[in-house]
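S.K.: This is the structure alone, sequence omitted:
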């Protein structure tokens, strides 16, 4: 799937989330050097409640992020056709889509 389509899907999922149960959206990228295998890096969107979200970009595959994240409900898993160097673009695009949507009442939580 392409970056723009994934970013729109994630922004829509953030907007529509109404449950306070912890929830994860995971995005892995393609490693062009290995002809399509998963790259060593991902983007994790975490919603700990219905009004707030965080985005992290660890330098590992989703399955290697840690037991605490893997224990949370996985809302969606996306495989991005773009190379790993597009992680920052993905994060910025998601945040911009959420911010630009006047009907969205969700807030990004930053450290």
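M.R.: The structure has been received and is ready for your questions. Just so it is clear, the model here is predicted, and its values are computed rather than measured. Numbering: from 1, shown residues only.
S.K.: all helices of this structure, in order?
M.R.: Under the criterion DSSP state H, the chain carries helices at the ranges 3-16, 67-70, 87-100.
S.K.: Show me the contact partners of the shortest one.
M.R.: Put plainly, it is helix 67-70. The contact list for helix 67-70 (C-beta atoms under 8 Å, 6 or more residues apart in numbering) reads 24, 44, 46, 63. The way it works is simple: take the backbone N, C-alpha and C, and place the C-beta from them, glycine included.
S.K.: Report the buried members of these.
M.R.: Buried members of these, scored by 16 or more other C-beta atoms under 10 Å, are 24, 44, 46.
S.K.: residues touching the second one, list them.
M.R.: Translated: residue 44. Residue 44 is in contact with 24-27, 55-58, 62, 65, 69, counting by C-beta under 8 Å, 6+ apart.
S.K.: Let me have the contacts of helix 67-70 in JSON lines, extended by distance to residue 80 and pLDDT.
M.R.: As requested, the contacts of helix 67-70 are exported to JSON lines (distance: C-beta to C-beta, whole Å; pLDDT from 0 to 100):
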{"residue": "24", "distance to residue 80": "16", "pLDDT": "96"}
{"residue": "44", "distance to residue 80": "13", "pLDDT": "98"}
{"residue": "46", "distance to residue 80": "18", "pLDDT": "95"}
{"residue": "63", "distance to residue 80": "16", "pLDDT": "94"}
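S.K.: give the contact list for residue 58.
M.R.: Taking C-beta under 8 Å, 6+ apart, we find residue 58 in contact with 41-42, 44, 65.
S.K.: Is residue 20 in contact with residue 52, as I believe?
M.R.: No - the pair residue 20 and residue 52 fails to qualify as a contact (C-beta atoms under 8 Å) at a distance of 10.1 Å.
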